[in-house]
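S.K.: let me see the structure of the following:
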Amino acid sequence: MKPLAYVLTGLILAIQWPLWFGKGGWTKVWDLGRQVEASKEANQQLAQRNAGLDAEVRDLKQGLGAVEERARNDLGMIKPDELFVQIVEKKAAKP
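M.R.: From the prediction side, this is the model:
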C-alpha cells in the first residue's frame, strides 16, 4: 500500500508543478499582477502631469495674462516705461 501512496503523491506533485512554477503558473501571474499595479501607478502620475500641462496650454490659448506672466518670469521681459527691481539676498559667509 505504501508504494501506491508514494506513486500517487508523486503524480499529484508532477501535475501540480506546472500550475505553480510553469510558464503560466501562479508565480508568473503574481509577478504580472505586481507589474500591472506599478504600471497603473505610473500612468496615474503621468495623467496628473498631462492634466497640468493641458490646463497650462488652455491658459496660454485663452488670454494674454498667462503669456505675460511667462514672459516676465522666464524671459525677464518688462513693459515699456516699467521699472524692474530685483532683490538678491546675500549668502552667509563661510567660516
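
S.K.: rest of the way, CA atoms for contacts and neighbours
M.R.: Will do.

S.K.: where does this protein have low pLDDT?
M.R.: 95 (pLDDT under 70).

S.K.: tell me which element the residue most central in space within it falls in.
M.R.: Residue closest to the mean C-alpha point of the chain, counted by CA atoms, centre = their mean, is residue 42 at 2.9 Å. Per DSSP states H and E, residue 42 falls inside helix 26-62.

S.K.: tell me the buried residues in that helix?
M.R.: By 16 or more other CA atoms under 10 Å, the buried positions in helix 26-62 come out as residue 60.

S.K.: what does stretch 23-36 contact?
M.R.: For stretch 23-36, the surrounding residues in contact (CA atoms under 8 Å, 6 or more residues apart in numbering) are 18, 19, 20, 21.

S.K.: would you mind giving these as a markdown table with distance to residue 12, secondary structure and neighbour count added?
M.R.: A markdown table is the format used below for these (distance: CA to CA, whole Å; DSSP: H, G, I helix; E, B strand; the rest coil; neighbours: other CA atoms under 10 Å):
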| residue | distance to residue 12 | secondary structure | neighbour count |
| --- | --- | --- | --- |
| 18 | 11 | helix | 13 |
| 19 | 11 | helix | 14 |
| 20 | 12 | helix | 14 |
| 21 | 14 | helix | 12 |
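
S.K.: in JSON lines, list those residues along with distance to residue 71.
M.R.: Putting the contacts of stretch 23-36 into JSON lines (distance: CA to CA, whole Å) gives the following:
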{"residue": "18", "distance to residue 71": "64"}
{"residue": "19", "distance to residue 71": "62"}
{"residue": "20", "distance to residue 71": "61"}
{"residue": "21", "distance to residue 71": "60"}
